[in-house]
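**Q** Task: produce atomic coordinates for the following.
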Amino acid sequence: MGTAHRKFSLAGGVAAASIVVLAVAGPALAARRQAVAAKPRASGRTVVGLSTLPGGIVSGAEGVNSAGRVVGYSGLGGGGEHAVLWDPTGPASFRITDLGTLPGGAGSFGAGINAAGLVVGSSGVTGASHAAVWTPTGSGSFGVSDLGTLPGGLLSSAHAINVTGVIAGNSDTAQGADHAVVWRATGSGSYSIIDLGTFPGDDDSSANAINANGVVAGFSSRLSGTNHAAVWTPTGSGSYSIIDLGTLPGDDRSLANALNDAGQVAGNSAPASGTADHAAVWTPTGSGSYSITDLGRLPGDKKGYASAIDANGRVAGDSATADGTSQAAVWTPTGSGSFSLEGLGALPGDIASFALAINDAGLVAGISFRSPGPERAVAWTPGG
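**A** Numbering: from 1, shown residues only. Have a look, this model is predicted:
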């Protein structure tokens, strides 16, 4: 099973909680993209292909912090993937670092990074895959800690980390469900885990993002029905309240992929039938209420996906045709709830792309595809 993904999307039905199971086979996400010409790249940005580890072919960028450090994964010469960090060394150049795995792990995956340079993701362990955190130890080195699972669980995955080091993700339970969780540091490299639960009657949930205030965004779902975007707000003593963000009018499914410190949430909304996903933003209006905005799509496209949001309310994701061919995109607020939309294009010769992360300086990171060929980690630098 490959590790590349577009954060979370609703296409094809109910979203499942995303626990990354690591394997030695390389990602094959490019097979989901059709071989049609990518749309022209927007002016004002430079698209940079990020390097792979020696012998590696595939790679993907999943997160970026305020210093422009990019985290993701790279294939290895002998197969499998490792979590990696790309450090900026110039306006459009980056140096790659192999973050390695938990002891005995065969592979790993980087998903998020905070301002202090702590990286979260997943690593293989004996017979399973566990959420992991890589902590800088100086001179470009990192120590790695196993975040573990809920009691009786076998699998877990970390998706995001905030400025205070609280980590959001999900873990399976002893009963086989997947639940949204947070991990809090307890000292000496140890962490405690908190089960965020689900909406009443739901089976699964996932925590996909966390902001500086400890607010968590994701979704809650039921195996026999639909899922809704969710926000969990800390209420003290390790407890959280959960809010259903709902959907766009006429839709019945939604999920949240990202949120900023102002509480704006980015994600997707979709109808009961078909795969017409809409990129959406939920804006808090007070007392636990939110308004929702459809971000729209590039001309002629039928789907939109919102994967990240910065402090300025800019949203990164992709806009896709009916056959699923996508182009990375950024939506910029223009006032009164409106947004302008910029297509970012792909690497030269590639046929599709999507954006998975954005920082406050406007640096965007994601993946570019060619057909045939592997997916490749990319960064779109602002003002190039």
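**Q** Got the confidence number for Gly127?
**A** Note for Gly127: predicted pLDDT of 89.
**Q** quick one, what contacts it?
**A** Listed by CB atoms under 8 Å, 6 or more residues apart in numbering, the contact partners of Gly127 are Leu154. For the C-beta atoms, the positions are set from N, CA and C on the backbone; glycine is no exception.
**Q** how far away is it from Leu154?
**A** The gap separating Gly127 from Leu154 is 8 Å, by CB to CB, to the nearest Å.
**Q** Equivalent analysis for Arg370, please.
**A** Distance from Arg370 to Leu154, by CB to CB: 36 Å.
**Q** Could you do Gly56 as well?
**A** Gly56 is 28 Å from Leu154, by CB to CB.
**Q** Now do the strands in the stretch 51-200 of the chain.
**A** 59-64, 70-75, 81-90, 93-100, 108-113, 119-125, 128-138, 141-148, 156-161, 167-172, 178-187, 190-197 (DSSP state E, counting those that start in this stretch).
**Q** can you redo those strands as TSV with mean neighbour count and distance to Asn268?
**A** As requested, those are exported to TSV (neighbours: other CB atoms under 10 Å; distance: least, CB to CB, whole Å):
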stretch	mean neighbour count	distance to Asn268
strand 59-64	28	17
strand 70-75	29	21
strand 81-90	21	26
strand 93-100	18	29
strand 108-113	29	18
strand 119-125	28	22
strand 128-138	20	24
strand 141-148	18	27
strand 156-161	28	16
strand 167-172	28	18
strand 178-187	20	17
strand 190-197	17	20
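**Q** Determine which of those approaches Phe354 most closely.
**A** Nearest to Phe354 among those is strand 59-64 (9.9 Å), distances taken as CB to CB.
**Q** List the strands paired with the closest one, with their directions.
**A** According to DSSP bridges, the neighbouring strands of strand 59-64, each with its direction, are strand 70-75 (antiparallel).
**Q** Outside of the strand it pairs with itself, which residues are in contact with it?
**A** 3-4, 26-27, 50-53, 55-64, 81-86, 94, 96, 98, 108-113, 119, 121, 357, 365, 374, 377, 379.
**Q** Which stretches in the stretch 251-384 of the chain count as strands?
**A** All strands of the stretch 251-384 of the chain, identified by DSSP E, counting those that start in this stretch, fall at 253-259, 265-270, 278-286, 289-294, 303-309, 315-320, 326-335, 338-345, 352-358, 364-369, 375-382.
**Q** Let me have these in a markdown table, extended by distance to Asp172, mean neighbour count and mean pLDDT.
**A** What follows is the strands of the stretch 251-384 of the chain, written out as a markdown table (distance: least, CB to CB, whole Å; neighbours: other CB atoms under 10 Å; pLDDT from 0 to 100):
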| stretch | distance to Asp172 | mean neighbour count | mean pLDDT |
| --- | --- | --- | --- |
| strand 253-259 | 19 | 28 | 97 |
| strand 265-270 | 23 | 31 | 97 |
| strand 278-286 | 28 | 20 | 97 |
| strand 289-294 | 29 | 16 | 97 |
| strand 303-309 | 24 | 28 | 97 |
| strand 315-320 | 28 | 30 | 97 |
| strand 326-335 | 30 | 22 | 96 |
| strand 338-345 | 35 | 19 | 96 |
| strand 352-358 | 24 | 29 | 97 |
| strand 364-369 | 27 | 31 | 97 |
| strand 375-382 | 27 | 25 | 96 |
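**Q** Please put the alpha-carbon coordinates of stretch 292-301 into CSV.
**A** Extracted C-alpha coordinates of stretch 292-301, given in CSV (Å, rounded to 0.1, in the frame of the first residue of the first chain):
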residue,chain,number,x,y,z
ILE,A,292,-19.9,28.1,5.2
THR,A,293,-18.5,29.4,1.9
ASP,A,294,-18.2,27.4,-1.4
LEU,A,295,-14.8,28.3,-2.8
GLY,A,296,-15.6,27.5,-6.4
ARG,A,297,-13.4,25.8,-9.0
LEU,A,298,-11.3,26.7,-12.0
PRO,A,299,-13.3,27.3,-15.3
GLY,A,300,-14.6,24.1,-16.7
ASP,A,301,-13.7,22.0,-13.6
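**Q** Just give me how far that stretch sits from the chain centre.
**A** 20 Å (CA atoms, centre = their mean, to the nearest Å).
**Q** Now it: buried residues?
**A** Of all the residues in stretch 292-301, those buried under the rule 16 or more other CB atoms under 10 Å are Ile292, Thr293, Leu295, Gly296, Arg297, Leu298, Asp301.
**Q** could the strands of the stretch 51-200 of the chain be laid out in CSV, adding distance to Pro284?
**A** Shown next, in CSV, are the strands of the stretch 51-200 of the chain (distance: least, CB to CB, whole Å):
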stretch, distance to Pro284
strand 59-64, 24
strand 70-75, 28
strand 81-90, 33
strand 93-100, 35
strand 108-113, 22
strand 119-125, 25
strand 128-138, 28
strand 141-148, 29
strand 156-161, 19
strand 167-172, 18
strand 178-187, 19
strand 190-197, 19
